[in-house]
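**Student:** Structure of the sequence below:
(chains A and B)
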Amino acid sequence: MREISLHILDIAENSIRAGAPDVEIGVRVDEPADRLVVTVRDNGRGMPEEMAAVVADPFVTSRTERRVGLGLPLLAAACERTGGGLKVRSRPGEGTEVEATFGLSSVDRAPMGALAETIANIASGYPDVRIALAFSSGGEQFEFDSALVREALDGVPLSSPQVAAWMREHIQEGIAGVSSLE
Amino acid sequence: MKTLEDLKRIREEALKAMKVREGEQGTKITVAMGTCGIAAGARETMSALLDELNKRGITDVTVTQTGCKGLCEQEPMIEVTRAGEAAVTYGHVDAERARRIVAEHIVNGNLVGEYIVSK
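**Tutor:** Below is the predicted model:
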């Protein structure tokens, strides 16, 4: 994937396919430790420990449409080539948390890319799922929660194109206020 | 700054539009967003669809996402369902094709034959 935000989109997609009503995405820029930590946490159906241990293997997938699953293996490789790594914690019936750590200043780190567009598209594309983002850098944090937008809209769906545009710009401004991460 | 006030204005306008076509069901576009779709550019496809609808002031079309359907070589794929009509699946939908599908299928009601994977 060309951008870290495309990996986020992909992993969030897994969460939603696991039936998660809530998907919480965290992005933490830690300059002193030279790390970028991305987490995707859901309360979907989860998986047994043995499965969580092997999901970075491309020949392991729960899908029936095809026999390979490239999402997590691609993310693991993207982390590892920057000196970071991937952790997947999961419990059946409780949910899954994917934690991807990147070397912040590594030349091999993919750019974050269009994160605001990504989050807005997920929130709009799955109007019934709650999508939250916590973006933090240097002690400052921007938070977005699609449940609050849904509340403010009171009956107008999140999937309306005008709402999607509003969310994208709102998140874009929020992130820019906290960090100039690329 | 994009504030909640702007959001309220969007809400009022959307409600007005919903009232006008009371009872009618709008068109639904679904973008396949599996790993294969994402790697092929499905996020940009979705953004182009949203942008084109927004530019044209179309409010009764919803754009939602779905996972991989097993036709990875055709990605990015979208499915267009107009109220009362069968779903139409388009393949290799980049941003440019997405805008053309909005203009021809959504606005004018004509299928874009050359992009169709299945009807």
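**Student:** phi, psi of residue B:6?
**Tutor:** Torsion angles at residue B:6 (phi, psi; degrees, to the nearest 10) stand at phi -60, psi -40.
**Student:** what secondary structure does residue A:102 sit in?
**Tutor:** The local conformation at residue A:102, judged by DSSP: H, G, I helix; E, B strand; the rest coil, is strand.
**Student:** Check the gap between it and chain B for me.
**Tutor:** With distances defined as CB to the nearest CB, to the nearest Å, the gap from residue A:102 to chain B amounts to 18 Å. Every residue, glycine included, has its C-beta placed from N, CA and C.
**Student:** Provide a list of residues in contact with that residue.
**Tutor:** Shown in contact with residue A:102 (CB atoms under 8 Å, 6 or more residues apart in numbering or on different chains): A:4, A:35-38, A:78-79, A:82, A:84, A:109.
**Student:** if you set the cut-off to 7 Å instead, what comes out?
**Tutor:** Taking CB atoms under 7 Å, 6 or more residues apart in numbering or on different chains, we find residue A:102 in contact with A:35-36, A:79, A:82, A:84, A:109.
**Student:** Mind checking which of these land in strands?
**Tutor:** Within the contacts of residue A:102, membership in strands is found for A:35-36, as judged by DSSP state E.
**Student:** How about the residues of chain B by chain A?
**Tutor:** With CB under 7 Å from any CB of the partner chain as the criterion, chain B comes near chain A at residues B:1-2, B:4, B:6-8, B:10-11, B:14-15, B:31, B:33-35, B:38-39, B:43, B:46-47, B:50, B:53-54, B:58-59, B:61-65, B:67-70, B:72.
**Student:** ChimeraX command for the buried members of the residues you listed?
**Tutor:** The ChimeraX command for the buried members of the residues of chain B next to chain A (criterion: 16 or more other CB atoms under 10 Å in any protein chain shown) is given here:
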select /B:2,7,10,11,14,31,33,34,35,38,39,43,46,47,50,53,54,58,59,61,62,63,64,65,67,68,69,72
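**Student:** Tell me which of the residues of chain B next to chain A fall in strands.
**Tutor:** Judged by DSSP E, the subset of these located in strands is B:31, B:61-65.
**Student:** returning to that earlier point: in JSON lines, list the contacts of residue A:102 along with pLDDT, neighbour count and distance to residue A:60.
**Tutor:** Listed next are these as JSON lines, based on pLDDT from 0 to 100; neighbours: other CB atoms under 10 Å in any protein chain shown; distance: CB to CB, whole Å:
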{"residue": "A:35", "pLDDT": "97", "neighbour count": "18", "distance to residue A:60": "27"}
{"residue": "A:36", "pLDDT": "97", "neighbour count": "25", "distance to residue A:60": "26"}
{"residue": "A:79", "pLDDT": "96", "neighbour count": "25", "distance to residue A:60": "18"}
{"residue": "A:82", "pLDDT": "97", "neighbour count": "21", "distance to residue A:60": "23"}
{"residue": "A:84", "pLDDT": "96", "neighbour count": "22", "distance to residue A:60": "21"}
{"residue": "A:109", "pLDDT": "96", "neighbour count": "19", "distance to residue A:60": "26"}
